[in-house]
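# A predicted structure for the sequence below; I have some questions about it.
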Amino acid sequence: MSPTSFAQGWYDRVPCPNTQEIVIANVEAIFLATARGEPRTPVESATAVAGQGLLGDRYLGAPPTRYAAVCEVTLVEAEAVEGVRATGRDFSAADTRRNIVTRGVDLNALVGQMFRIGNVVLRGVERCDPCRRLQRFTYRGVMRDLADRGGLRATIVEGGEIRVGDAVGPHPQRRSATHPPPP
């Protein structure tokens, strides 16, 4: 299936910072936090462990919580962060408290979808809407400003290394049999 026919609105073609070739979408930043409440630390790469999470992140191997069915990896769109900054807020990608910042992909459209980041295969599980905890760490109104664009929770199907600049794209088996897309 060609990228154009696959697109159907969930990604745009953007230049990859590492190679300058045109790719589907890419990773702009990766953040890890070692303990609860600690700030997210930017890293150039992270090892994704299938069914577990990112090495060095506090959620590695964490069980589901009452708030999240999956805590393996979280993603947010760089465009959402820029949207918040456009309101005049001093807000960075690290402030979102998500692991991976992407550009050029509609993360909400990946719920129930298999996709790749570099050679890592992930499955979008559920939206990662902003919560009161994020509001406590940032500013009053962040829940409103990130409504419907707070990110995505995903599970790691096939592990590997994720690097800043990696392409984000379709997986040949787009639909997840264990998690069909919402109606």
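Arrived safely, thanks for sending.
# switch to C-alpha atoms for all contacts and neighbour counts from now on
Noted.
# As a check, name the ranges of all strands in the protein.
Taking DSSP state E to define them, one finds strands in the chain at 14-15, 22-23, 26-32, 41-43, 45-49, 53-54, 73-77, 100-103, 113-117, 120-127, 152-158, 160-163, 168-175.
# I'd like the distance from stretch 50-62 to the chain centre, please.
14 Å (Cα atoms, centre = their mean, to the nearest Å).
# That one: end-to-end distance?
13 Å (Cα to Cα, to the nearest Å).
# Quick check, pLDDT for Cys128.
As predicted, Cys128 sits at a pLDDT of 77.
# So for stretch 106-121, mean pLDDT?
Here the average pLDDT along stretch 106-121 is 93.
# Export that stretch to PDB, keeping only CA atoms.
Below are the C-alpha coordinates for stretch 106-121, written out as PDB (Å, rounded to 0.1, in the frame of the first residue of the first chain):
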ATOM      1  CA  ASP A 106      -2.700  12.500  14.200                       C
ATOM      2  CA  LEU A 107      -2.200  10.500  17.300                       C
ATOM      3  CA  ASN A 108      -5.900  10.200  18.100                       C
ATOM      4  CA  ALA A 109      -6.400   8.400  14.800                       C
ATOM      5  CA  LEU A 110      -3.900   5.700  16.000                       C
ATOM      6  CA  VAL A 111      -6.200   4.300  18.800                       C
ATOM      7  CA  GLY A 112      -6.700   0.600  17.800                       C
ATOM      8  CA  GLN A 113      -3.900   0.900  15.100                       C
ATOM      9  CA  MET A 114      -0.500  -0.800  14.800                       C
ATOM     10  CA  PHE A 115       2.300   1.600  13.800                       C
ATOM     11  CA  ARG A 116       6.000   1.800  13.700                       C
ATOM     12  CA  ILE A 117       8.500   4.200  15.200                       C
ATOM     13  CA  GLY A 118      11.800   3.300  13.600                       C
ATOM     14  CA  ASN A 119      12.000  -0.500  13.900                       C
ATOM     15  CA  VAL A 120       9.700  -0.600  17.000                       C
ATOM     16  CA  VAL A 121       6.100  -1.700  16.600                       C
END
